[in-house]
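>>> What follows is a protein structure lacking sequence information:
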Ligand code: ADP
């Protein structure tokens, strides 16, 4: 494998945009302050970015308000809006190389993953929502009296959107695509770890013809830039993706301000369940992917690998061997499967959970330590003999740590899989149709992947049961998040 990773893909990118984008212009923070953006391969600063606070949020919300109330965005024809979104998608496709390089530079994910999977998905999402823009319409409904009843679907107004750092571009697309297709205006707050690619694509969106003020992007920290957006009295809707802990704060702030409706996409502790009829080699590979993809930094990561006792020993040996073969290194190198964790805080948090696993007497099969002395690289780690009440089986670790648990029968595994405060996703691996049917009904989660994992089509709704969130994103479900419903009633014969 050493040969496979030799070639370094040189990032052809420079950082051109570091200011806020408000009302179609790049501007400094009102306070003049900046904060650092890092390269997680080394921990070195790669740019200083405008640091937003309440004043920047106020300016951005005013611009979005004006663009909504006075137009032209919501007043344009839906066809014109659709064409801008399509032109934008084409521009992103043209700039895929630079964007993927910037994403990797600031986030640490493998360049090939960003370029070959995430950029095409970004483009696909905007094509999908551009397609919806001119197909959103209300209804006329029959009533009991002699009335003409119309139900209008109107844009909701100014949308506040807060996104995390694990998929900076895709989270932008999931949120901005549907909000714009429905005719809303936006203030987007990016994650403090990854402010750069959103600014780049936002600039491309303006090049594609987006009127000023329709999308405003403010960089900054959660409590100082995120919270003022959530609490703003002139923001009509809030969409948040991040941790369950912060999601609760967001919901409370929104309720205490103007009771704006909130969509939340939060944490998870998703089971990946392997039945004894499975092809073990295939199950090992998919379970490995389900957990380790994106450095284990996925809200839907298959982080509780349940394996039937009859195949447990074989599965464990092979899962360990697969983890030890995982290629960790510079994400700009070809063939690298795993880059660094996003930052020092997450890095230390993951190492704390590894210590907790050892202390609670789970068996450390492989990994468990940092790699090198620079950047935030962690060895692919596998624990066996994991019990349901251990912290590593309960909490979201958000790192390359696989926990393998043994089960005896289907009733037991259904119960244990559901015994968590989360309910984001689940994987089921079986050749038996009856088992699959039973599992898909019994699991209390927003997505069940059967004999596959992390399949994210633009049309598939995504979101959580229980403390994994409120509402759904993607597909037609996202449209409802950004539409207000108005009933209009008039007599068939006017007096
Ligand atoms: P993580 O712990 O993975 O960084 P968070 O949920 O804290 O996840 O962060 C997700 C997003 O929420 C980021 O954009 C972050 O800046 C923002 N955020 C954090 N705290 C708050 C808050 N109190 N109010 C609003 N947004 C916040």
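Alright, I've got the coordinates. If you're wondering where the values come from, they're calculated on a predicted model, not measured in any experiment.
>>> Residue in the stretch 51-200 of the chain with the shortest distance to the ligand?
Proximity of the stretch 51-200 of the chain to the ligand (Cβ to the nearest ligand atom) peaks at residue 191, 3.9 Å away. From N, CA and C alone the C-beta is placed, and that goes for glycine too.
>>> Just the element for the closest residue to residue 158 other than its chain neighbours, please.
Once flanking residues are discounted, residue 158 sits nearest to residue 64: 4.5 Å by Cβ to Cβ, 6 or more residues apart in numbering. Using DSSP states H and E, residue 64 sits in helix 54-69.
>>> can you give me how far that helix is from the chain middle?
Offset of helix 54-69 from its chain centre (Cα atoms, centre = their mean, to the nearest Å): 25 Å.
>>> try stretch 227-240
Chain-centre distance of stretch 227-240: 19 Å, with Cα atoms, centre = their mean.
>>> now stretch 306-318
With Cα atoms, centre = their mean as the basis, stretch 306-318 stands 31 Å off its chain's centre.
>>> and what of stretch 479-495?
34 Å.
>>> For that stretch, give me every contacting residue.
Residues outside stretch 479-495 that contact it (Cβ atoms under 8 Å, 6 or more residues apart in numbering): 132, 136, 138, 143, 146-157, 159, 178-179, 181-182, 184, 237, 239, 261, 263, 471-473.
>>> switch to 7 Å and redo it
The contact list for stretch 479-495, computed with Cβ atoms under 7 Å, 6 or more residues apart in numbering, reads 132, 136, 146-156, 159, 178-179, 182, 184, 237, 239, 263, 471.
>>> Keep only those of those residues that are in strands.
Per DSSP state E, strands hold the following members of those: 147-155, 159, 237, 239, 263.
>>> quick check, residue 485 in a strand?
Yes: Residue 485: assigned to a strand according to DSSP: H, G, I helix; E, B strand; the rest coil.
>>> and it, what are its bridge partners?
residue 153 (DSSP bridges).
>>> how far away is it from residue 277?
Counting by Cβ to Cβ, to the nearest Å, the separation of residue 485 from residue 277 is 47 Å.
>>> for the one helix or strand residue 438 maps to, packing partners?
Using DSSP H and E, residue 438 falls within helix 433-442. When contacts are defined as 3 or more Cβ pairs under 7 Å, 6 or more residues apart in numbering; DSSP states H and E, helix 433-442 packs onto helix 410-418, strand 447-450.
>>> Give me the contact list for that helix.
Residues outside helix 433-442 that contact it (Cβ under 7 Å, 6+ apart) are 273, 275, 410, 414, 428, 430, 448, 450.
>>> Try it again at 8 Å.
273, 275, 277, 410, 414, 418, 426, 428, 430, 448, 450-451.
>>> mind showing which ranges of the stretch 1-150 of the chain have poor pLDDT?
Applying pLDDT under 70 to the stretch 1-150 of the chain flags residues 1-8, 10-12.
>>> re the thing from before, any idea how far the residue nearest to residue 158 lies from residue 229?
11 Å.
>>> Pull up the overlap in contacts between these two.
Common neighbours of residue 64 and residue 229 (criterion: Cβ under 8 Å, 6+ apart): residue 187.
>>> correct me, but residue 421 touches residue 467?
Yes: the pair residue 421 / residue 467 is scored as a contact, 4.5 Å apart, by Cβ atoms under 8 Å.
>>> quick one, which of these two is more surrounded?
For residue 421 and residue 467, the more surrounded residue by other Cβ atoms under 10 Å is residue 467, and the numbers stand at 20 against 13.
>>> Could you pull up the residues touching the more buried one?
Residue 467 sits in contact with 244, 266-267, 421-423, where contact means Cβ under 8 Å, 6+ apart.
>>> What is the three-state secondary structure of it?
Applying three-state DSSP: residue 467 is helix.
>>> any idea how far it is from residue 406?
Taking Cβ to Cβ, one finds residue 467 at 26 Å from residue 406.
>>> can you check residue 191 too?
37 Å.
>>> Looking at the two, which one has more neighbours?
Applying other Cβ under 10 Å to residue 191 and residue 406 shows that residue 191 carries more neighbours, namely 23 against 17.
>>> residues in contact with the nearest residue to the more buried one once chain neighbours are set aside?
Among residues not flanking residue 191 along the chain, residue 165 sits closest, at 3.8 Å (Cβ to Cβ, 6+ apart). Residue 165 sits next to 107, 191-194, 342 when contact means Cβ under 8 Å, 6+ apart.
>>> my guess is residue 165 is in a helix, correct?
No: using three-state DSSP, the secondary structure at residue 165 is coil, not a helix.
>>> Quick check on it: phi, psi?
phi -100, psi -10 (degrees, to the nearest 10).
>>> So in terms of bridging, what pairs with residue 489?
Following DSSP bridges, residue 489 is listed with bridge partners residue 149.
>>> Look up the pLDDT of it for me, please.
pLDDT, residue 489: 97.
>>> That one: how many residues sit nearby?
Neighbour tally, residue 489, other Cβ under 10 Å: 11.
>>> do residue 412 as well
11.
>>> What separation do you get for it and the ligand?
32 Å (Cβ to the nearest ligand atom, to the nearest Å).
>>> Find me the pLDDT at that residue, would you?
Looking at residue 412, the pLDDT reads 98.
>>> Ok, the one 5 residues further on next?
At residue 417 the predicted local distance difference test score is 98.
>>> If you drop the residues flanking it in sequence, what lies closest to it?
Of all residues not flanking residue 417 in the chain, residue 271 sits nearest, at 4.0 Å (Cβ to Cβ, 6+ apart).
>>> I'd like the mean pLDDT over stretch 234-249, please.
Mean predicted confidence for stretch 234-249 is 98.
>>> er, stretch 217-228 actually
Stretch 217-228 comes out at a mean pLDDT of 98.
>>> quick one: contacts for residue 342?
Counted by Cβ under 8 Å, 6+ apart, residue 342 has contacts 40, 107-108, 165-166, 193-194, 295, 297, 376.
>>> can you give me the helices in the stretch 151-300 of the chain?
For the stretch 151-300 of the chain, helices defined by DSSP state H, counting those that start in this stretch occupy the ranges 168-181, 196-207, 227-231, 244-256, 280-292.
>>> can you tell if the longest one touches the ligand?
In this case it means helix 168-181. No: Helix 168-181 does not reach the ligand (Cβ under 6 Å from any ligand atom); its nearest approach is 9.3 Å.
>>> and the angle from that helix to strand 147-155?
If you take axes from the mean of the first three to the mean of the last three Cα atoms, to 10 degrees, helix 168-181 sits at 150 degrees to strand 147-155.
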